[in-house]
Structure formats: C-alpha cells, structure tokens
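K.L.:
Sequence below, structure please.
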Amino acid sequence: QVQLVESGGGLVQAGSSLTLTCVATGDRITSYAMAWFRQTPGKDRDFVAFINWAGNNRDYASDVEGRFTIFRDNAKNTVYLRMNSLEPEDTAVYYCGAGSDFGAVRGGRMLSWGQGTQVTVSS
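P.N.:
Residues are numbered from 1 along each chain as shown. The predicted model follows:
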C-alpha cells in the first residue's frame, strides 16, 4: 500500500502563496487518483482538490477554485498543491490522499492518507 508524506506547510500572511508537496512511497502513484483535503479542529476533513492518475482531469472545492492548483509528477511519485492568494479561512491541516477514482475521492473514501501538514494564514 502506498505511504504518503506531506510537507511545505507553514505560517504565512494573507495574500501569500505556498506549495504543498506529497511524496509517495511503496507504490507508484500512477495507480491512484490523488487529492488534497483539509481539516480544522472540531470539523470534518473537507475536500480541496482532485487530480486523476494521468493529470488531465482536476476538480476543486468552490472556495479554492481559481486560487489553488493541484498537479502531479508521476516520474517523481509526487503530488503538489499550489496555493495562491491565501486567506485566513484557509488555515487548516492539509492532508494528501490516494484513492481509486473520482467518485471515491469526492466521497472521502481514500485508500491511504498522509500525516498532514499545518498551514496557518495570518490576517
């Protein structure tokens, strides 16, 4: 089973940009649809972005579309989330996940999760 490790989180000011990285080991990510979710204390883990195995189909949550971009480098077994124009409301722990397909991902039925990386956006 694939193992995922996120990095790239941090404390930034509103309007800044960050790029999160998710490195996979144990399996090739070409076998998976990949996604980013985020979670704040006391709330459910929410969908942020999806990318299919080939990288030619993406989907975003409405509150990040136009600001965030998900992309993948299958040769490096890595998925990224580029976040622009960050807002305090984007503050959360961000999780990378591997799933079987779009339907499973959007339903939160992931095959593997990373440990998360904290993103904090100050106003």
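
K.L.:
Buried residues, stretch 5-16. List them.
P.N.:
Using 16 or more other C-beta atoms under 10 Å as the burial criterion, the residues of stretch 5-16 that qualify are E6, G8, G9, V12. Placement of C-beta: from N, CA and C, glycine included.

K.L.:
Tell me where the chain has helices.
P.N.:
102-106 (DSSP state H).

K.L.:
what does the least confident helix or strand in it by mean pLDDT rub up against?
P.N.:
Using mean pLDDT, DSSP states H and E, the weakest-scoring helix or strand in the chain turns out to be helix 102-106, at a mean of 92. Residues outside helix 102-106 that contact it (C-beta atoms under 8 Å, 6 or more residues apart in numbering): A33, A35, F47, F50, N52, N57, D59, G97, G99, M110.

K.L.:
Please repeat the previous calculation with a cut-off of 7 Å.
P.N.:
A33, A35, F47, F50, N52, D59, G99 (C-beta atoms under 7 Å, 6 or more residues apart in numbering).

K.L.:
Kindly state the beta-bridge partners for the second one.
P.N.:
With DSSP bridges applied, the residues forming beta bridges to A35 are F50, G97.

K.L.:
Was I right to think it contacts Y94?
P.N.:
No. Between A35 and Y94 there is no contact under C-beta atoms under 7 Å: 10.8 Å.
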